[in-house]
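> Sequence and computational prediction follow.
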Amino acid sequence: MGWLGPAELEALRLSLRVSFWATLATLPLGIFVAYALARWRFPGRQLLNGLVHLPLILPPVVTGYLLLLTFGVQGPLGKLLAEIGIVVAFRWTGAALAAGIMAFPLMVRAIRLSIEAVDPKLEQAGATLGASQPFVFATVTLPMILPGIIAGAILAFAKAMGEFGATITFVSNIPGQTQTLPSAVYAFLQVPGGEEAATRLVIISIIIAMGALLLSEYVGRRAAARVAGS
Amino acid sequence: MSLSVRLKHSLPGIELDLSFDAPPGVTVLFGRSGSGKTTIVDAVAGLLRPQAGRVAVDDWVLFDTDKGLWLPPHRRRLGYIFQEGRLFPHLTVRQNLAFGRWFAPRNAQRENPDKVIEMLGIGHLLDRRPAKLSGGEKQRVAIGRALLASPRLILADEPLAALDDARKAEILPYFERLRDEVSVPILYVTHSAAEVARLATSVVALQDGKALRHGPASEVLADPSVAPAGVRAVGAVLRVKVAEHHADGLTELEAGGSRLFLPKIPHRVGEQLRIRIPAQEVILSDRKPEGLSALNVLEGTVDTIRAGEGPGAIVSVQTPAGAILARVTRRSVSALGLAPGHPCYAVIKTVALAPQDVGGRVAANGQA
């Protein structure tokens, strides 16, 4: 990485950290929401589905502004979190929150598809063999949707790496604090002579995005082959 | 252990309302598709919640809507053998077999896995995944998985329906062994008269969600009004013993002092079997037939004559081998002057006794 300047390296490191935590922290909720949407019929299901998808369709800057209103220093949730010592506004944790929310729809969609592909009759078979619902989930559903979970997580990670609009609106563009890879590219392009550094970050972005896509495809195929019995 | 079932449930197109108390052994739910068979099994399994009813194995109640009692499926201690097997694709055969054992209570009476694996002949499949198994192998593994869950009740929903005839012939003997070697009651769903004849301790004949008749296989199968496939499924069930294998490819059976011949079967000399003789394969004669190519001639007396719809009639003939049913025309009945008490001869073509109508050993409590 000798050809990267310290500011660029800092942005890359921050982006990886933000994306990692954004993905990991949202994964359990993503699995739960995907399962609920795929398997349960409850009042408000369509509303939940809409809420989950909102960040995908709203302009990112709107999502960022809503985050700022809610989690900002003066926001209701922001105040609440501040009381227990967690500040997300203008911190890397805020960037992770924004990235996690923006990546959430992609994650849920991938996991939900894989849950819907599991024949409920197999889960019934598990129940007749004595497994209670949590055990059926752990021993039948979860192993079968694992490829979908991994694919969803990789997709979410890649999306988090690329998140820009909501992040810059919510937590601004502070080098070393909230300046992720895309924010850094944007910043470099704003100053004369910054094109070279921006280009290097663009190349890294492309490599990460392509790598994530290929990896998720590979995992999916491997898992499908395993279930197919080879 | 015996099974008692009382159910009321309305579904679009069918009104389920029946009750029966099954003796130990195999209880077959027999009826055409749409008669409510699968609904009943699913209600017993707890996969479907009936509007009213009660199901119990001896004094162990699975649900009772009057008392507001409902055990969820996983607490019913079942071994459910599904039509499509429903093996877990992500697990090996060994892990599939072990699945039910993980959840069975520690103090449950356990089948010995090695014994079950040997009985089903699946020892060489243990490390494979279900995708690499044939239809018959899958179903054998499904039987083993159900059995190893230490069930108090085994359910089988048309477990052979998805298989071709050769595979059916391969799997049926395992159900016979289950009936004869495992003390757990079995509720078995089918629309095949051959399976009923071979397996049933008692039969519940279903139509439109109601139990038309409940009784031993020989009685229910002899009644053309309850046969789901119509008169074609009517037939007699005989208990026979393998007497001799002949060099010309025939097997000689002994039944109540009479002799019957059929194409060679694999069973050992001396083994007790149940065979089903379809009524439409039997012809009647008022005197001892001569110059006939048919090998099986049984002398007896006419017991009952049941005229059905159309030109046919079902004649029951009491012979030393047991009751034989013949499907003849009403015109023949009057031409031969057949009436209850009349002597007559029942003629059965040798090849009419199809291998799938020949069952394995007869259970100690097996009624035929």
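Everything's here; your move. Residues are numbered from 1 along each chain as shown, chains lettered A, B, ... in the order given.
> Tell me where the stretch 151-300 of chain B is predicted with low confidence.
B:224-232 (pLDDT under 70).
> repeat that for 80
B:218-219, B:221-234, B:291-295 (pLDDT under 80).
> Next: chain A.
A:1-3, A:220, A:222-230.
> can you pull out the helices in it?
Under the criterion DSSP state H, helices of chain A are mapped to A:6-39, A:45-57, A:60-71, A:76-83, A:92-116, A:120-128, A:133-136, A:142-162, A:165-171, A:181-190, A:195-228.
> out of the ones you listed, nearest to B:Asp223?
helix A:120-128 (32.8 Å; CB to CB). C-betas here are computed from N, CA, C, even on glycine.
> Setting aside sequence neighbours, what's the nearest residue to A:Phe135?
The shortest distance from A:Phe135 to any non-neighbouring residue, by CB to CB, 6 or more residues apart in numbering or on different chains, is to B:Phe103 (7.0 Å).
> Next up, the contacts around the one you found.
Under the criterion of CB atoms under 8 Å, 6 or more residues apart in numbering or on different chains, the neighbours of B:Phe103 are A:129-131, A:135, B:74, B:149.
> same deal with B:Gly121?
Going by CB under 8 Å, 6+ apart, B:Gly121 touches B:Arg140.
> same deal with B:Ser285?
By CB under 8 Å, 6+ apart, the neighbours of B:Ser285 are B:336, B:344-345, B:347.
> One more: B:Arg140?
By CB under 8 Å, 6+ apart, B:Arg140 lies in contact with B:120-122, B:171, B:174.
> what's in contact with stretch A:85-93?
A:14, A:17-18, A:21, A:68, A:71-73, A:78, A:81, A:94, A:97, A:170-172, A:174, A:177-178.
> sorry, back to before: who wins for neighbours among the contacts of B:Phe103?
The most neighbours of any of the contacts of B:Phe103, using other CB atoms under 10 Å in any protein chain shown, belong to A:Leu129, which has 31 neighbours.
> For that residue, give me phi and psi.
phi -90, psi 10 (degrees, to the nearest 10).
> That one contacts B:Leu97, correct?
No - applying CB atoms under 8 Å, one finds A:Leu129 not in contact with B:Leu97, separated by 10.6 Å.
> Give the residues shared as contacts by those two.
Counting by CB under 8 Å, 6+ apart, the contacts common to A:Leu129 and B:Leu97 are B:Arg145.
> Would you mind listing what in chain B touches chain A?
B:45-47, B:72-80, B:82, B:84, B:86, B:88-91, B:99-100, B:102-104, B:128-132, B:145-146, B:149, B:155 (CB under 8 Å from any CB of the partner chain).
> what's near enough to touch A:Trp3?
Counting by CB under 8 Å, 6+ apart, A:Trp3 touches A:Arg200.
> for chain B, which residue is closest to the average position?
With distances taken as CA atoms, centre = their mean, B:Val196 lies nearest the centre of chain B, 2.6 Å away.
> does it really touch B:Ala205, like I thought?
No - taking contacts as CB under 8 Å, B:Val196 lies outside contact range of B:Ala205: 9.1 Å.
> got any residues that touch both of these two?
Joint contacts of B:Val196 and B:Ala205 (CB under 8 Å, 6+ apart) are B:30, B:220.
> of the contacts of stretch A:85-93, buried ones?
Neighbour-count burial (16 or more other CB atoms under 10 Å in any protein chain shown) applied to these gives A:14, A:18, A:21, A:68, A:71-72, A:78, A:81, A:94, A:97, A:170-172, A:178.
> List just the nearest of these to chain B.
Nearest to chain B, judged by CB to the nearest CB, of the buried ones among the contacts of stretch A:85-93 is A:Trp21 at 29.8 Å.
> leaving aside the residues next to it on the chain, what's closest to the closest one?
A:Trp21 sits nearest to A:Ala96 (CB to CB, 6+ apart), 4.7 Å away.
> what's near enough to touch that neighbour?
Residues in contact with A:Ala96 (CB under 8 Å, 6+ apart) are A:17-19, A:21-22, A:25, A:160.
> Would you mind listing the two of the residues you listed that lie farthest apart?
A:Arg17 and A:Ala25 (12.1 Å).
> got the buried residues for stretch A:194-207?
Result for stretch A:194-207 [16+ other CB under 10 Å]: buried residues A:197-198, A:200-202, A:204-205.
> Can you tell me the closest non-neighbouring residue to residue 67?
Unless you meant another one, I'm taking chain A. A:Phe170 (4.3 Å).
> wrong one, chain B
That would be B:Val61: by CB to CB, 6+ apart, it lies 7.8 Å from B:Lys67.
> And for A:Phe104?
A:Thr26 (5.6 Å).
> now what about the helix or strand hosting B:Val61, what contacts it?
Assessed by DSSP states H and E, B:Val61 sits inside strand B:60-64. With contact meaning CB under 8 Å, 6+ apart, strand B:60-64 is reached by B:44, B:46, B:50, B:53-56, B:67, B:69-71, B:76, B:152.
> among those, who's most crowded?
Neighbour counts for these, by other CB under 10 Å, peak at B:Val44, which reaches 26 neighbours.
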